[in-house]
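Trainee: Predicted coordinates and the sequence they were generated for:
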Amino acid sequence: MGVLIEKKNGYDVISAEEKTAMEDYCKAYIDFMNAAKTERECVVECIKLAEAKGFVPYKAGMELKPGDKVYYNNRGKNIDLAVIGKKSLVYGANIAAAHTDSPRLDLKPNPLYEAEEMAFLKTHYYGGIKKFQWVTIPLELHGVVCLKDGSKLEVKFGHGDEPKFVITDILPHLGKQQAAKPLGEAIPGENLNLLIGSVPVEDKEAKTRVKQYVMELLNEKYGMVEEDFLSAELETVPAFDATEIGFDRSFIGAYGHDDRVCAFAELKALLDMEEIPERTAVCIFADKEEIGSMGITGMISQAFEHFMNDMCKGQGVDLYDCFAKSFCLSADVTAALDPNFMEVFEANNESRVNHGIAICKYTGGRGKGGASDANAETVAYVRKIFTENGVLWQLTEMGKIDEGGGGTVALDMANRNIETIDAGVPVLSMHAPFEVVAKLDCYMTYKGCKAVFEAR
Ligand code: MN
Ligand code: MN
């Protein structure tokens, strides 16, 4: 008796009281998702929520005492938050790291063109997408346009009541050749062009009359000229809002659950912390994970060291000593077992919806390639703190051995000599413009992050 693993459906173990807490949590998550569709918007929203809870911007050399709450905004695209613990940083920090960038279509530097009396914007996709999923859905353009005079426009073209954009596809009647192609080749990257207009300027002598008119509209409203696209970061994101899914409302559908569903969980866990933690708690929203975590705002960036080292210096602690004693939950999503695609799963080693936060010892594919394979000791540690804190958890791989695998920021943290393990929400249709997660798993991931931050 009791010697075999019992896989539990969360609805069999969750109390009525916790169900209410779960619904409240998920409502707040849906609001967050509707406000934050890009990494920049996540930082803005994060600061708004954090400041309401007493967090202040971190300043170099700032004197910090236990219970102080600070955030470090790295160029508006990556943010670290900390609640200072009772113990010195020489005993390490409890860290949770998630990424807030999601697969999308960025605009090319020279995006605007006209063809057959229609105007388009050319995109270059960002991260791993199935290109065919991005045609014929309503889209918006979010981001920044940096003008020559040094000013910066923050825009959400197509948001709210504004007109949307779309990428067209061929009708099935003329799609015979397309239908014969492998799915991955049916829509080439160079076809992912946003339809943005068709009205020509009055001047019949103008060469590209439709393009001219679109640019005149943008100039009138935003003072933009075509050259300004060169110094812009405009991200094409789905126009639809996050919404409940299912007759029983047990799921949430949204763009960008990967990885905002974990980012929000760790943020909320940090903001909800009522008592001063033993160890300093650090929450990270990283950028650029979907293209390898590189660059100045990615998890590999020294910006993280810069922030941590400065806090360490204030306590007379060596950063290396702090890292060596720290723990990091790399909070990232994983693939949920999907009964429609059983051929790619090994059912006994996959995460299931409503079975809680999914711990992933290693993520790499085909022989653990490229994985940060967490130590057995680390798995045991996480098992223990989750179980002690009423967190429903499961242990997962990501698909059959020879099918694939995935990547997270875990190795970037482990490479810093920080004990690290992946755990997060199982997702259906991951990397699609509209992904699905179970409310119960979102809530358990929040509880998991809370357990990590509160651990001694
Ligand atoms: Mn991810
Ligand atoms: Mn991803």
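Mentor: All right, it came through fine. Ligands and ions are numbered 1, 2, ... in the order given.

Trainee: Up against ligand 1, what does the protein have?
Mentor: Taking Cβ under 5 Å from the ion as the contact definition, the chain meets ligand 1 at 258, 259, 332. Every residue, glycine included, has its C-beta placed from N, CA and C.

Trainee: Just the ones in helices from the residues you listed, please.
Mentor: Among the residues of the chain next to ligand 1, DSSP state H puts 258, 259 in helices.

Trainee: okay if I get the residues of the chain next to ligand 1 as TSV plus pLDDT and distance to residue 398?
Mentor: Supplementary listing: the residues of the chain next to ligand 1 in TSV, determined by pLDDT from 0 to 100; distance: Cβ to Cβ, whole Å:
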residue	pLDDT	distance to residue 398
258	98	12
259	97	14
332	97	11
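
Trainee: and for stretch 359-366, what are the contacting residues?
Mentor: 332, 334, 368, 370-374, 379, 382-383, 386, 393-399, 401-408, 410, 421-424 (Cβ atoms under 8 Å, 6 or more residues apart in numbering).

Trainee: which regions of this protein sit below the pLDDT cut-off?
Mentor: 1 (pLDDT under 70).

Trainee: Looking at the stretch 51-200 of the chain, what residue ends up closest to ligand 1?
Mentor: Per Cβ to the ion, residue 99 is where the stretch 51-200 of the chain lies closest to ligand 1, at 5.7 Å.

Trainee: So for that residue, what's the nearest residue that isn't a sequence neighbour?
Mentor: Excluding its sequence neighbours, the residue lying closest to residue 99 (Cβ to Cβ, 6 or more residues apart in numbering) is residue 289, at 3.4 Å.

Trainee: need the contact list for the one you found.
Mentor: Residue 289 sits in contact with 99, 101, 259, 298, 299, 332, 407, 408, 409, where contact means Cβ under 8 Å, 6+ apart.

Trainee: Wait, the fifth one touches residue 284, no?
Mentor: Looking back up the chat, that one is residue 299. Yes. Residue 299 lies in contact with residue 284 (Cβ atoms under 8 Å); the separation is 7.5 Å.

Trainee: Isn't residue 280 up against residue 314?
Mentor: No. Residue 280 sits out of contact with residue 314 when judged by Cβ under 8 Å, with a separation of 11.2 Å.

Trainee: More neighbours: the two, which one.
Mentor: residue 280 (28 against 15; other Cβ atoms under 10 Å).

Trainee: Please give me every residue in contact with the more buried one.
Mentor: Residue 280 sits in contact with 82, 83, 84, 85, 87, 89, 93, 94, 311, where contact means Cβ under 8 Å, 6+ apart.

Trainee: Quick check: beta-bridge partners of it?
Mentor: Beta bridges link residue 280 to residue 93 when assigned by DSSP bridges.

Trainee: Please indicate which of the contacts of stretch 359-366 are buried?
Mentor: Buried members of the contacts of stretch 359-366, scored by 16 or more other Cβ atoms under 10 Å, are 332, 334, 371-372, 374, 382, 386, 393-399, 405-408, 410, 421-424.

Trainee: distance of residue 39 from residue 162?
Mentor: 22 Å (Cβ to Cβ, to the nearest Å).

Trainee: More neighbours: these two, which one.
Mentor: Neighbours were counted for residue 39 and for residue 162 using other Cβ under 10 Å; residue 39 has more, 29 against 12.

Trainee: Show me the helices in the chain, by range?
Mentor: Using DSSP H, helices in the chain cover 16-35, 39-52, 176-179, 183-186, 209-222, 257-271, 303-314, 319-325, 376-388, 410-414, 439-454.

Trainee: Dump these into JSON lines; add distance to residue 167 as well.
Mentor: Below are the helices of the chain laid out as JSON lines (distance: least, Cβ to Cβ, whole Å):
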{"stretch": "helix 16-35", "distance to residue 167": "22"}
{"stretch": "helix 39-52", "distance to residue 167": "22"}
{"stretch": "helix 176-179", "distance to residue 167": "14"}
{"stretch": "helix 183-186", "distance to residue 167": "13"}
{"stretch": "helix 209-222", "distance to residue 167": "16"}
{"stretch": "helix 257-271", "distance to residue 167": "21"}
{"stretch": "helix 303-314", "distance to residue 167": "34"}
{"stretch": "helix 319-325", "distance to residue 167": "44"}
{"stretch": "helix 376-388", "distance to residue 167": "42"}
{"stretch": "helix 410-414", "distance to residue 167": "33"}
{"stretch": "helix 439-454", "distance to residue 167": "30"}
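
Trainee: Go through those helices and name the closest to residue 248.
Mentor: Shortest distance between residue 248 and the helices of the chain, using Cβ to Cβ, is found for helix 439-454: 9.9 Å.

Trainee: quick check: angle from that closest one to helix 16-35?
Mentor: 90 degrees (axes from the mean of the first three to the mean of the last three Cα atoms, to 10 degrees).

Trainee: who does helix 439-454 touch, helix- and strand-wise?
Mentor: helix 16-35, strand 93-99, strand 251-254, helix 257-271, strand 327-331, strand 357-360, helix 376-388, strand 419-424 (3 or more Cβ pairs under 8 Å, 6 or more residues apart in numbering; DSSP states H and E).

Trainee: Compute the inter-axis angle for it and strand 327-331.
Mentor: Using the same axes, to 10 degrees: helix 439-454 against strand 327-331 is 160 degrees.

Trainee: list the contacts for the closest residue to residue 403 other than its chain neighbours?
Mentor: Once flanking residues are discounted, residue 403 sits nearest to residue 344: 4.7 Å by Cβ to Cβ, 6+ apart. For residue 344, the contact set (Cβ under 8 Å, 6+ apart) comprises 399, 400, 403, 404.

Trainee: for this protein, longest strand please?
Mentor: For the chain, the strand with the greatest residue count under DSSP state E is strand 104-115.

Trainee: That one pairs with which strands, parallel or anti?
Mentor: strand 118-126 (antiparallel), strand 232-238 (antiparallel).

Trainee: Now rank the contacts of residue 280 by neighbours and give me the top one.
Mentor: Busiest of those [other Cβ under 10 Å] is residue 89, holding 28 neighbours.

Trainee: Verify the stated contact: it with residue 311.
Mentor: Yes. If you go by Cβ under 8 Å, residue 89 and residue 311 touch, sitting 6.3 Å apart.

Trainee: just to revisit the earlier point, can you name the residues that contact the residue of the stretch 51-200 of the chain closest to ligand 1?
Mentor: Residue 99 neighbours (Cβ under 8 Å, 6+ apart): 39, 259, 263, 285-290, 293, 299, 332, 408-409.

Trainee: Please apply the same query to residue 244.
Mentor: Residue 244 neighbours (Cβ under 8 Å, 6+ apart): 30, 251, 252, 253.

Trainee: again, 10 Å this time
Mentor: 23, 26, 27, 30, 250, 251, 252, 253, 439 (Cβ atoms under 10 Å, 6 or more residues apart in numbering).

Trainee: Spatially, which two of those residues are the most separated?
Mentor: Of all pairs in the contacts of residue 244, the most separated under Cβ to Cβ is 23 and 253 at 16.2 Å.
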